[in-house]
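Asker: sharing a model prediction with you, sequence too.
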Amino acid sequence: MIIKLLVSIIVGAIVGSIAGKIMEKESKGFIVNAVLGIVGGAVGGWIGSIIGIGGGWISGIILAIVGSCLVIYLIGLLK
């Protein structure tokens with residue numbers, strides 16, 4: 001349980017950092033990147049389930065990056 005949570009946070013931080021680079025935003029730190037990556041992973045997973053994509057590590061990471069980019073874009077619209 002704890003291992004899965006730690007892996008999710010680490011992967012979330014990496015995905016958040018990748019999405020920040022793609023969206024050309026400066027890094028906001030580990031915690032913010034982790035939150036953006038985790039939220040983006042949830043959004044990407046939701047989008048993947050709607051269109052019927054997902055189930056593997058690679059597709060999950062790609063969907064998480066896409067979801068994180070979408071979250072960053074939406075946050076940028078709110079500012």
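Answerer: Looks like it came in fine.
Asker: and the pLDDT at Val15?
Answerer: Looking at Val15, its pLDDT reads 90.
Asker: ramachandran coordinates for it?
Answerer: Main-chain dihedrals, Val15, degrees, to the nearest 10: phi -60, psi -40.
Asker: and the residue nearest to it when sequence neighbours are not counted, how many neighbours?
Answerer: Distances taken as C-beta to C-beta, 6 or more residues apart in numbering place Gly37 nearest to Val15, at 3.7 Å, with adjacent residues excluded. For the C-beta atoms, the positions are set from N, CA and C on the backbone; glycine is no exception. Look at Gly37: counted by other C-beta atoms under 10 Å, it has 30 neighbours.
Asker: likewise for Gly12?
Answerer: 23.
Asker: any idea which element it lies in?
Answerer: Here Gly12, judged by DSSP states H and E, is contained in helix 2-22.
Asker: correct me, but the residue nearest to Val15 touches Ile10?
Answerer: No - between Gly37 and Ile10 there is no contact under C-beta atoms under 8 Å: 9.2 Å.
Asker: next up, the contacts around the residue nearest to Val15.
Answerer: Taking C-beta atoms under 8 Å, 6 or more residues apart in numbering, we find Gly37 in contact with 11-17, 19, 64, 68.
Asker: is it within a helix or a strand, and which one?
Answerer: helix 30-51.
Asker: what residues of that helix count as buried?
Answerer: By neighbour count on 16 or more other C-beta atoms under 10 Å, the buried set for helix 30-51 is 33-45, 48.
Asker: quick one: that helix to helix 2-22, angle?
Answerer: Calculated by axes from the mean of the first three to the mean of the last three C-alpha atoms, to 10 degrees, helix 30-51 forms an angle of 90 degrees with helix 2-22.
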